[in-house]
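J.: need a 3D model of the following:
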Amino acid sequence: MSDAPFTLRVEGMHCGGCVRRVKAALEAVEGTTVEDVQVGSARGSFDPEQTDAAELAEAVNRIGFKAAVAEMGA
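T.: Predicted structure coming up:
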């Protein structure tokens, strides 16, 4: 099975430190590849056999930001 792309909307990010924290939180989720994190969004892909987009959003929420799945490709 191939990886599924995701885009998250992330509220509460204001600086490069926020970007680094969000990137680290996403990279800590097994099976996730982070392609781009900018203030307000994160994009990448995940292995559906290991995780899902909801878990990625939850990983970001646990570190104090508000994340929601914005887009998933097929």
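J.: only C-alpha atoms from now on, for both contacts and neighbour counts.
T.: Will do.
J.: what's the local residue count around S45?
T.: 20 (other C-alpha atoms under 10 Å).
J.: go on, L26?
T.: Look at L26: counted by other C-alpha under 10 Å, it has 25 neighbours.
J.: can you name the residues that contact it?
T.: T32, V34, L56, A59, V60 (C-alpha atoms under 8 Å, 6 or more residues apart in numbering).
J.: biggest helix in the protein by residues?
T.: Ranked by residue count and defined by DSSP state H, the top helix of the chain is helix 16-27.
J.: dump that one to PDB, restricted to CA.
T.: What follows is helix 16-27, C-alpha atoms only, in PDB (Å, rounded to 0.1, in the frame of the first residue of the first chain):
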ATOM      1  CA  GLY A  16      10.100  29.300  13.700                       C
ATOM      2  CA  GLY A  17      10.100  27.700  17.100                       C
ATOM      3  CA  CYS A  18       6.400  26.800  16.600                       C
ATOM      4  CA  VAL A  19       7.200  25.300  13.200                       C
ATOM      5  CA  ARG A  20      10.000  23.200  14.700                       C
ATOM      6  CA  ARG A  21       7.800  21.900  17.500                       C
ATOM      7  CA  VAL A  22       5.000  20.900  15.100                       C
ATOM      8  CA  LYS A  23       7.400  19.200  12.700                       C
ATOM      9  CA  ALA A  24       9.000  17.300  15.600                       C
ATOM     10  CA  ALA A  25       5.600  16.200  16.900                       C
ATOM     11  CA  LEU A  26       4.600  14.900  13.400                       C
ATOM     12  CA  GLU A  27       7.900  13.200  12.800                       C
END
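J.: cheers, nothing more for now.
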